[in-house]
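A.B. asks: Could you look at this predicted model? Sequence included:
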Amino acid sequence: MLIVDKLRDAGLDFVVTNASRSGDTTSGGLARLSAQLKHPIDIFIVELGINDAWRGIPIEQIQRNLQEIIDRVRAKNPGVQIIIAGMQLPDHDADGYIRDFDQMFTDLAAKNHAALVPYLLQGVAGDPQLNLFDRIHPNAAGHKILARNIWTVLEPVARQVAAQHTAAVKVK
């Protein structure tokens, strides 16, 4: 896992669980969330919604599901740091649905005091050399860029969480 390597290289000791499923929707993520909540979570990265949008799910429903995921994670882990990985649809300025979808991630991050990766696929989307033959899913080279996109936001959050844990241990 590329993110695990980045954490280790930075001297940050976190247990990483990848609970993603290709093709998953916010309702699927919500349904599977309880299994993840059985363990303490310090940092929670949520990257869902694009498959909902491809299915034409109303933005309000996608946003409600994402908010419910965030609320449930926070209820079980009050000190958790949330990172929202934003997505975009092609033809960014084409219509209200697309604009509302893009804006939804910014709004959720602001409402929940969460860190935001503005566009997870930045530098990868649309590049045939960085995607599988379906031109949707990143290949190995594309995943390295995605990891960098996440790392830009994750690293300062992880360092802050690690520092808080170190301080808590010293206080005890």
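C.D. replies: Right, received. Where do you want to start? Numbering: from 1, shown residues only.

A.B. asks: how much space is there between S34 and V124?
C.D. replies: Per CB to CB, to the nearest Å, S34 is found 31 Å from V124. C-beta here means a position set from N, CA and C on the backbone, and glycine is covered the same way.

A.B. asks: show me what contacts the residue lying closest to L130 once chain neighbours are set aside?
C.D. replies: The shortest distance from L130 to any non-neighbouring residue, by CB to CB, 6 or more residues apart in numbering, is to G142 (3.6 Å). Counting by CB atoms under 8 Å, 6 or more residues apart in numbering, G142 touches V124, D127, L130, N131.

A.B. asks: One more: G29?
C.D. replies: Residues counted as contacts of G29 (CB under 8 Å, 6+ apart) are V46, L48, N65, I69.

A.B. asks: just how off-centre is the helix or strand harbouring it within its chain?
C.D. replies: Assessed by DSSP states H and E, G29 sits inside helix 26-36. Distance, stretch centre to chain centre, for helix 26-36: 14 Å (CA atoms, centre = their mean, to the nearest Å).

A.B. asks: What residues sit buried inside that helix?
C.D. replies: By 16 or more other CB atoms under 10 Å, the buried positions in helix 26-36 come out as T26, S27, G29, L30, L33, Q36.

A.B. asks: how much space between E47 and F14?
C.D. replies: Using CB to CB, one gets 17 Å for the distance from E47 to F14.

A.B. asks: Would you map the helices across this protein?
C.D. replies: 2-9, 26-36, 50-54, 59-76, 96-111, 140-171 (DSSP state H).

A.B. asks: Just name the most buried of those helices.
C.D. replies: helix 50-54 (a mean of 20; mean count of other CB atoms under 10 Å).
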